[in-house]
Structures are given as structure tokens and as C-alpha cells.
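K.L.:
Turn this into a structure:
(one chain, ligands or ions: 1)
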Amino acid sequence: MAASKTHEIKTRGITILQNGHKEIRRLKKASHTPSIHGHKVWNSSYVVMDYLKRKPPAKGSHLMDIGCGWGILGIYAAKRLDLQVTGVDADPDVLPYLTLHAELNGVDITPLRCRFEKLTRKKLEGVETITGADICFWDELTPVLFKLIRRALKAGVRRIIIADPGRAPFYALAELCQEKFNARVIERRTANPKPASADLLIIEAD
Ligand SMILES: C[S@@+](CC[C@H](N)C(=O)[O-])C[C@H]1O[C@@H](n2cnc3c(N)ncnc32)[C@H](O)[C@@H]1O
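P.N.:
Numbering: from 1, shown residues only. Presented below is the predicted three-dimensional model:
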């Protein structure tokens, strides 16, 4: 693919296309219009990347990025941390953006169209790490994600990292998790590709 250098971001060893890039415009013209906020890369993703870099999962282990959108966080995990990655999203129209970026960055990511509610214990077996950036943005997502975290821990997932810039449904989820699981919230910032901060809810298996 001949990528024009404008409308392209290079950060943390990966390449991300912006909305004005001709390949992104091509997908939009083909009617791939994400409908549940998956129309761009959200900043919390970068904060999770930096956290994973400092505390990486075992090489070759399975990371599932839920509500993956364009899949950039998972692409970073595959390319820079040598993880086996599944990108999960309810919206089928985000997955072509994931495939485009995986090809561009030379990694294999398994795309899975699935709602949080339908990620069964069986589908979660063998996963070591779950990440989710900017996925708890509606009140109704709080109980859905709480139950998913509970299923994931039962399925043997070791660590779950949910990042958010500070919305009320996320803090409600954090409170529930801190009551029931080994969970904590930390605040982290990044300057790249633009200044942003996010709270990370980190839940670890006992
Ligand atoms: C704000 S975007 C964040 C995308 C990506 N994580 C990022 O940081 O760029 C939220 C994503 O969650 C997905 N999503 C929302 N509700 C979902 C659900 N119930 N099950 C699975 N995915 C969902 C949306 O389709 C969207 O791609």
C-alpha cells in the first residue's frame, strides 16, 4: 500500500493513519462508518501502551483488547511486545480499520466481532491479559463490564486494564471492582502524540 506521509502518525514504533488519509477515506466511502464511537483512535490507548511497556505480559501470551476500535493498542502489543492479540468489537464497521492498520504495521491480529455481553468464559480461556481503552462511556456499560471482568477472572485471565479519561460510569465500575476484586486505580499521562491523561483500572487475579 502506498501511504502518503501526510495524515500519518508514527509513535511508539507503530504507524497510524488519520482520518484525512486516502486509505481511511476509501474505507469510509465503502460505507464502513463506525457507529459506537469507534471512528478514531482514542487517547487512553496510548496511556495503556506505555503501561504495558513498563509492565509487559509474558512474550507470546494472549492479549485480548476489548472494544478495540481501530485496533491500534493491540497492534502495538503484537508488534512491540510480541504478544498474540485478539481485537474484539461489537461494531463490524471498525474491523476493516483494524485489518488495514495490522497490514500496514506487519502484524497478525485476530479480529472478533462480539459484544462484551457475549464474551463467554469459554471465549476467554487462554487469555492472559485484557485491555480496554475508553470503553466504559455509558451507565449501562458499568454492569456489563463488571460481569465480563468477573467471567474473565473465573476463566483464568491474570490481568485486566481498563483506561478512561474520567467518566462517571468508569468510576462506578472502578468502585465495584475495588469492592470485589484485587483492583486499583492509577492516573497516568502522556505527551505523545498529544498531551493526554487517563485513569487505569487494574484488576489482577489473586
Ligand atoms: C470510544 S471507542 C474506543 C476504541 C478504542 N479502544 C480506542 O481506544 O481507540 C469504544 C469502542 O467500544 C466498542 N463497543 C461499545 N459497546 C460495545 C459492546 N457492548 N461490546 C463490544 N464493543 C463495544 C465500540 O464499537 C467502539 O469501537
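K.L.:
Point out the residues in the protein that sit beside the ligand.
P.N.:
Contacts of the chain with the ligand, taken as C-beta under 6 Å from any ligand atom, map to 36-38, 41-42, 44-45, 67-70, 89-91, 94, 115-116, 133-135. The way it works is simple: take the backbone N, C-alpha and C, and place the C-beta from them, glycine included.
K.L.:
Show only the entries of the residues you listed found in helices.
P.N.:
Judged by DSSP state H, the residues of the chain next to the ligand include Ser44, Ser45 as members of helices.
K.L.:
For ChimeraX, what selects the buried ones among the residues of the chain next to the ligand?
P.N.:
Buried residues among the residues of the chain next to the ligand (16 or more other C-beta atoms under 10 Å), as a ChimeraX selection:
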select :38,41,42,44,45,67,68,69,70,89,90,91,94,116,133,134,135
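K.L.:
Please narrow the residues of the chain next to the ligand to those residing in strands.
P.N.:
Applying DSSP state E to those, the entries found in strands are Asp89, Ala133.
K.L.:
in stretch 187-195, what's buried?
P.N.:
Buried-residue list, stretch 187-195, by 16+ other C-beta under 10 Å: Arg188, Thr190.
K.L.:
Please work out which helix or strand belonging to this protein has the smallest mean pLDDT.
P.N.:
Using mean pLDDT, DSSP states H and E, the weakest-scoring helix or strand in the chain turns out to be helix 22-29, at a mean of 90.
K.L.:
next one: phi and psi at the closest residue to Ile36 other than its chain neighbours?
P.N.:
Excluding its sequence neighbours, the residue lying closest to Ile36 (C-beta to C-beta, 6 or more residues apart in numbering) is Asp91, at 5.0 Å. Note on Asp91: its backbone torsions stand at phi -90, psi 110 [degrees, to the nearest 10].
K.L.:
and the lengthiest helix in the chain, how far out from the chain's middle?
P.N.:
Scanning the chain for the longest helix, with DSSP H as the assignment, gives helix 141-155. Relative to its parent chain, helix 141-155 has a centroid offset of 16 Å by C-alpha atoms, centre = their mean, to the nearest Å.
K.L.:
my guess is Leu52 is in a strand, correct?
P.N.:
No. Counting by DSSP: H, G, I helix; E, B strand; the rest coil, Leu52 is not found in a strand; it is helix.
K.L.:
dump the residue contacts of Tyr51.
P.N.:
Taking C-beta atoms under 8 Å, 6 or more residues apart in numbering as the contact definition, Tyr51 lies against Ile161, Arg188, Leu200.
K.L.:
correction: Gly20
P.N.:
Residues counted as contacts of Gly20 (C-beta under 8 Å, 6+ apart) are Thr6, His7.
K.L.:
Sticking with it, tell me its helix or strand.
P.N.:
Element membership of Gly20, judged by DSSP states H and E, is empty: it is in no helix or strand.
K.L.:
pLDDT score assigned to it?
P.N.:
pLDDT, Gly20: 89.
K.L.:
if I look at it, how far off is the ligand?
P.N.:
Per C-beta to the nearest ligand atom, to the nearest Å, Gly20 is found 17 Å from the ligand.
K.L.:
would you turn the contacts of Tyr51 into CSV with distance to Leu124 and pLDDT?
P.N.:
Shown next, in CSV, are the contacts of Tyr51 (distance: C-beta to C-beta, whole Å; pLDDT from 0 to 100):
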residue, distance to Leu124, pLDDT
Ile161, 15, 98
Arg188, 26, 96
Leu200, 20, 98
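K.L.:
Alright, I will stop here.
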